[in-house]
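Novice: dropping a prediction and its sequence here:
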Amino acid sequence: MSQTPHDGDQPDWVAPATPGWEQPSQVPDPTQVPVSPGTQQTSPGWGQPAAPPTWGQAFPPADAPQGPPTAVPSYGGPPAGWRPPTVQPGIVPLRPLSVGEILDGGVKSIRFNPQVMFGLSATIVAIAIIVSTLVGHYLAGFVGSDFSALDPLGEEFSGSGAALTLDMYATEFIAELLFVVVTPILTGLLITAVSQAVLGRKVSISQVSRSSRVWWVLGFTLLYALAVLLALAVLSVPVVLLSTHDHIEFAVLLALVELISVSVALIWLAVRTLLVPPALMLEGGGFWSTIRRAWRLTHGSFWRLLGIYLLVSLIVGTIASLISFPGSIVAGLLGAIGVGWAALLVNALNLTIIMTITTTYTAAAVALLYIDVRMRREGLDIELAQSAAGAL
């Protein structure tokens, strides 16, 4: 029977950065990593690496005085090359993950809890698409009325193919604006579900939506977008000044240099802040302290995070293209035969499917990247194994 987390904002497998956190119960489990006698195994705090297991007594140095030979019991330690068995209570093994396991884990998280991963995602995305379609249709009609007044042939702009194209573009534009808000909220909720799936626990939609820390993810996203827009505005000032003073050549050269520099900076900044959403959702620290901690977690893992995230983006981009191409053809054919409402419906359905799949899989991959980095750097796999054993 699957286990559900305790009521509250935080999943119980993550140790908040506050005193008084209740340690997971120490239940003997043959799959646990053995430790030497007299060593107390505790769950490491946030940012503190777990103590590695020790096997028996250390061998004496080669130049140490030789005493009388002593008999070594056959049970004194594990055989040569022995490794503790991998614990896997959920969708991925509790050890540092390979690239394939992260990519496969994203799919497994969807299959493990489709009600939340797909059901919740599809519901939120569908609401956003419906709103964007209605608003986009209104804006397209408003703009189309201006075009029809300028039409020398006196034809109705709203009945032409151009009107349908404008309608679709307006819908997609409004959808992009809405998803600036919707995507971080949905990502935060899905990260909570993935973190529980790692321990083999299913959570319901009501349990996932109970976390108030999702608003921190939204706040960080909006602050990030605002900072980028302000930086771009500042950088555009010298280009505009050079253009207004008839220094077109220098303006173009400066614009190219800034474009390359900004592109590199945005990629670097995106990777360094990639783990902020899962850290905000799964840790118990304050807003700015958690952001600083997530920033430090990416140190030394930049190229690995960049490579895996680019691979995830390539996968979701390919899936989105494969889905959008036939949908666009069907919408175009319906528009050509004069069934504009059906074309808009197909376009909205197309956008809903694409955004649901891409957002869900990307959120799952980012959550697994966060867990993988912490297992590599802080021994989180031992803590998770203890938590999983305590739930048995």
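Specialist: Structure's in. What do you need?
Novice: and the strand or helix carrying residue 341, what other elements does it pack with?
Specialist: Following DSSP states H and E, one finds residue 341 within helix 340-378. Applying 3 or more CB pairs under 8 Å, 6 or more residues apart in numbering; DSSP states H and E, we find helix 340-378 packed against helix 99-112, helix 121-149, helix 161-197, helix 276-282, helix 287-297, helix 302-336, helix 380-390. Heads up, the C-betas are built off the backbone N, CA and C, glycines and all.
Novice: mind redoing it with 7 Å?
Specialist: helix 99-112, helix 121-149, helix 161-197, helix 276-282, helix 302-336, helix 380-390 (3 or more CB pairs under 7 Å, 6 or more residues apart in numbering; DSSP states H and E).
Novice: what's the closest of those to residue 232?
Specialist: helix 161-197 (15.5 Å; CB to CB).
Novice: quick check: which ranges of this protein have low pLDDT?
Specialist: 1-85, 140-164, 390-392 (pLDDT under 70).
Novice: let's see 50
Specialist: Counting by pLDDT under 50, the chain shows low-confidence ranges at 1-13, 15-75, 146-159.
Novice: distance of the nearest residue to residue 283 once chain neighbours are set aside from residue 373?
Specialist: Of all residues not flanking residue 283 in the chain, residue 290 sits nearest, at 5.4 Å (CB to CB, 6 or more residues apart in numbering). Computed as CB to CB, to the nearest Å, the residue 290 to residue 373 distance reads 14 Å.
Novice: hang on, the earlier thing: out of the helices and strands packed on helix 340-378, which is the most enclosed?
Specialist: Among the helices and strands packed on helix 340-378, ranked by average contacts under mean count of other CB atoms under 10 Å, first place goes to helix 276-282 (a mean of 26).
Novice: tell me what that helix is packed against?
Specialist: Here helix 276-282 touches helix 161-197, helix 214-244, helix 287-297, helix 340-378, going by 3+ CB pairs under 7 Å, 6+ apart.
Novice: nearest to residue 278, out of the ones you listed?
Specialist: helix 340-378 (3.8 Å).
Novice: buried residues in the closest one?
Specialist: Counting neighbours by 16 or more other CB atoms under 10 Å, one finds that the buried residues in helix 340-378 are 340, 343-344, 346-348, 350-378.
Novice: before we move on, what about stretch 255-262?
Specialist: 255, 258.
Novice: export the helices and strands packed on helix 340-378 to CSV and append columns for distance to residue 91.
Specialist: As requested, the helices and strands packed on helix 340-378 are arranged in CSV below (distance: least, CB to CB, whole Å):
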stretch, distance to residue 91
helix 99-112, 4
helix 121-149, 17
helix 161-197, 5
helix 276-282, 15
helix 302-336, 16
helix 380-390, 12
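Novice: do you know which of these lies nearest residue 89?
Specialist: For residue 89, the closest of the helices and strands packed on helix 340-378 is helix 380-390, at 4.2 Å, according to CB to CB.
Novice: what's the angle from that closest one to helix 161-197?
Specialist: 70 degrees (axes from the mean of the first three to the mean of the last three CA atoms, to 10 degrees).
Novice: which helices and strands sit right next to helix 380-390?
Specialist: Counting by 3+ CB pairs under 7 Å, 6+ apart, helix 380-390 packs on helix 340-378.
Novice: residues contacting the residue nearest to residue 126 when sequence neighbours are not counted?
Specialist: Spatially, and ignoring its direct neighbours in sequence, residue 126 is nearest to residue 352 (5.1 Å; CB to CB, 6+ apart). By CB atoms under 7 Å, 6 or more residues apart in numbering, residue 352 lies in contact with 122, 125-126, 129.
Novice: one more time with 6 Å, if that's ok
Specialist: By CB atoms under 6 Å, 6 or more residues apart in numbering, residue 352 lies in contact with 125-126, 129.
Novice: likewise residue 295?
Specialist: Residue 295 is in contact with residue 272, counting by CB under 6 Å, 6+ apart.
Novice: how about a cut-off of 8 Å?
Specialist: 272-273, 276 (CB atoms under 8 Å, 6 or more residues apart in numbering).
Novice: all set, thanks.
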